[in-house]
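Student: 3D, please:
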Amino acid sequence: MKFKKIFIVAIALFMLTFAQSAYAESIKPFAAGIGDTIDTAIPISPNTGFMSLFLSNQFDVDFFTWKNTTNSPLFVDFSLRPPIGSNYNYVYDFEYFIRYPDGISSTSAQAVDKFLSTKFVSRVYLPANCEIFFMVKATVFNNPTDFYEVAMGTSSINY
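Tutor: The predicted model follows:
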């Protein structure tokens with residue numbers, strides 16, 4: 001009988017030691033997912049149309065990147081369309097910056113141009129061998145099933 005009590009107490013202590021509490025789960029830090037950091041930025045191809053993605057919560061951001069591997073500078077355009085049915089409410093926003101070959105980055109700039117439901121920047125000068133990053137973020141977060149769409153285009157600079 002004494003052995004049975006000791007065994008039950010030992011099992012209970014073992015389970016308490018290795019069980020996760022609900023409180024500990026709720027304070028767990030947010031795990032980075034796809035494109036959530038500059039290092040995990042999603043490569044985006046220019047001039048291929050819109051790509052759909054979503055933000056998982058109000059703190060989530062998505063980074064996109066493209067590198068100009070040509071020997072010439074290019075103009076870059078980037079567009080962000082909000083979720084379908086958002087009635088032109090700009091619930092998502094984006095900013096961008098350029099990383100130069102020496103590793104130095106420009107300060108970020110926010111998109112301010114709008115046309116109907118689309119926010120965009122156009123004719124951003126991107127020197128040869130430089131990389132541009134776009135960060136999409138929520139200004140108002142509604143639902144993780146709200147897909148947004150992004151597209152990027154490039155054009156040559158004719159002097």
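
Student: which residues of the protein fall in helices?
Tutor: Using DSSP state H, the helices of the chain run over residues 2-18, 22-26.

Student: lowest-confidence stretch among those?
Tutor: The stretch with the lowest mean pLDDT among the helices of the chain is helix 22-26, at a mean of 37.

Student: Check which residues of stretch 36-50 are buried.
Tutor: Taking 16 or more other Cβ atoms under 10 Å as the neighbour-count basis, stretch 36-50 is seen to contain the buried residues 36, 41-42, 44. Bear in mind the C-beta positions are built from the backbone N, C-alpha and C, glycine included.

Student: Sorry, slip of the keys, the one I care about is stretch 131-145.
Tutor: By 16+ other Cβ under 10 Å, the buried positions in stretch 131-145 come out as 131-136, 138, 141.

Student: ok, how many other residues are close to Ser122?
Tutor: Counted with other Cβ atoms under 10 Å, the burial measure for Ser122 works out to 13 neighbours.

Student: centroid residue for this structure?
Tutor: The C-alpha lying nearest the average C-alpha coordinate of the chain belongs to Asp62 (Cα atoms, centre = their mean; 0.3 Å).

Student: Tell me which residues touch that one, please.
Tutor: Residues in contact with Asp62 (Cβ atoms under 8 Å, 6 or more residues apart in numbering) are 34-36, 42, 53, 55, 135-136.

Student: change it to 6 Å
Tutor: By Cβ atoms under 6 Å, 6 or more residues apart in numbering, the contact list for Asp62 reads 35, 53, 136.

Student: would a markdown table of those with pLDDT and distance to Ser156 be doable?
Tutor: Supplementary listing: these in a markdown table, determined by pLDDT from 0 to 100; distance: Cβ to Cβ, whole Å:
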| residue | pLDDT | distance to Ser156 |
| --- | --- | --- |
| Gly35 | 89 | 28 |
| Leu53 | 88 | 28 |
| Val136 | 91 | 26 |
